[in-house]
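>>> Here's a sequence, model it:
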Amino acid sequence: MDFVSIRIITSDIARLVAFYERATGVRADWSTEDFAELRTAGATLAIGSTRTVALFAPGSARPADNNTVIIEFLVADVDGVYRNLTDVVPGFVTEPTTMPWGNRSLLLRDPDGNLVNFFTPVTPEAVERSSLAPRMLRE
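Now for the predicted structure:
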């Protein structure tokens, strides 16, 4: 089994896709006006409008109602992501901080209020733990 994607349901798909394109530097592939995907080497972030919910599970998902999941992106430069987003994020949950487990992390909320963590392993132990980090950090 492979984990391939996570999907966010939103009432403003254009706004949310634009945010994630800027935050990640990945261009979205739009299948319809109600569904877009940002594909990375490790997984895909799918973004669907509220109209898509009725197609597969009516009433099962509500936009901007997540209080349990943190969406995480491994990046080469957390501080660069922070600088790139300072004018679009009204308030960061945590500015770039090196965590006790060796990752430098930036925690924020996307326009729908979902928690998002951008992180870079910075200690040798953290780099070793991350199977994608050596490739990412060379790019």
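>>> quick check: mean pLDDT across the longest helix belonging to the chain?
For the chain, the helix reaching the highest residue count under DSSP state H is reported as helix 13-24. pLDDT averaged over helix 13-24 equals 97, rounded to a whole number.
>>> next one: stretch 28-40
When the per-residue pLDDT values of stretch 28-40 are averaged, the result is 97.
>>> If you count neighbours, what's buried in that stretch?
The neighbour-count check on stretch 28-40 (16 or more other C-beta atoms under 10 Å) flags 28, 35-38 as buried. C-beta here means a position set from N, CA and C on the backbone, and glycine is covered the same way.
>>> Widest-spaced pair of those?
Spatially, the most separated pair among those is 35 and 38, at 11.8 Å (C-beta to C-beta).
>>> Ignoring the adjacent residues along the chain, who's closest to residue 117?
Counting by C-beta to C-beta, 6 or more residues apart in numbering, residue 72 is the residue found nearest to residue 117 once chain neighbours are left out, at 4.6 Å.
>>> quick one: that neighbour from residue 60, how far?
As for residue 72, its distance to residue 60 is 24 Å (criterion: C-beta to C-beta, to the nearest Å).
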